[in-house]
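*Asks:* please find the sequence and the predicted model below.
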Amino acid sequence: MSVARSGLLAVWGSAFLSGRAGYDDALDQVAAGEEVHRVSGLPGSEAEVPLGWALTAWRDRGARALRLVLPVPGDPRGLPGPGGFADAAMAAGQGVLGAGLGLVPRVTRHGSAAGSATYSVTWLAFADLAEPTWSVPQVTEAEYELTVALREATSALRSAEATSWRPEVAGDVDRLRRAVEPALPPGHPQRAVRLLAQADRLAALLELAEADGTGPLTAAAAESRTAALRPLWTAVRQARLAAYNAEVQQHR
């Protein structure tokens, strides 16, 4: 599942709360051309409600900025302790929270497996959450860690002779270079915008490398490649957290 859904809700929700983006504009940017986004379990609402109601609820609770979390097994940092939100966010690998209210996306695909598809999103709401004590990564630190991880991964892959690439993947790389980057709100720190673009490109390349399979690699070389890329995935996740949460840093 794309982390951009929760990332866009965090940055555009923060922009709405700080007055840098209008209500309708923020919702349009979060939906990004998808089908309807609704919220289930919002306090005070028994039925599913439009996503905008969550923005209003955060504002009424006094939230100044929303926080993106990207938990993975073994690294639950950012979660507000055990509970329904933590379980749902860990399963989805993402979530958004602020002022004791958290949302986790559940995506439904519509259409045949072979044909074109559309998606609808139901955000699961969880209230009365404890305020997490974890500090989001700084953009400068995440930049450094991403650079180091990329250099070390490249060196490890070369020394282990664990590189493999099919010629037909070149077309995917070319499309990647032309991919449209997520739109971030006016006033979002430019350094964070550049960091997010770099992290997203690296993530797409890592996904292509994994889809490429082991090819002619030996089992040992394939294992070495997986081990070399793992820290780079961690650095990409940290970079996304820093970039999407740059607004949180300004409100600390």
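*Replies:* Sure thing, it's come through.
*Asks:* which elements pack onto the helix or strand where A142 lies?
*Replies:* Using DSSP states H and E, A142 sits in helix 139-159. Applying 3 or more C-beta pairs under 8 Å, 6 or more residues apart in numbering; DSSP states H and E, one finds that helix 139-159 makes contact with helix 190-211, helix 219-244. Where C-beta positions appear, they are placed from N, C-alpha and C, glycine not excepted.
*Asks:* take those and lay them out in JSON lines including mean neighbour count, mean pLDDT and distance to A130.
*Replies:* Formatted as JSON lines, the helices and strands packed on helix 139-159 follow (neighbours: other C-beta atoms under 10 Å; pLDDT from 0 to 100; distance: least, C-beta to C-beta, whole Å):
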{"stretch": "helix 190-211", "mean neighbour count": "17", "mean pLDDT": "84", "distance to A130": "27"}
{"stretch": "helix 219-244", "mean neighbour count": "20", "mean pLDDT": "81", "distance to A130": "19"}
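*Asks:* relative to E152, which of those is closest?
*Replies:* helix 219-244 (6.8 Å; C-beta to C-beta).
*Asks:* which stretches of the stretch 1-150 of the chain have low pLDDT?
*Replies:* Residues of the stretch 1-150 of the chain that meet the criterion pLDDT under 70 lie in 1, 33-35, 112-115.
*Asks:* for it, just list every one of the strands.
*Replies:* Counting by DSSP state E, counting those that start in this stretch, the stretch 1-150 of the chain has these strands, from start to end: 37-40, 49-50, 67-69, 95-98, 101-110, 118-126.
*Asks:* closest one to A199 among those?
*Replies:* Nearest to A199 among those is strand 67-69; the distance by C-beta to C-beta comes to 12.6 Å.
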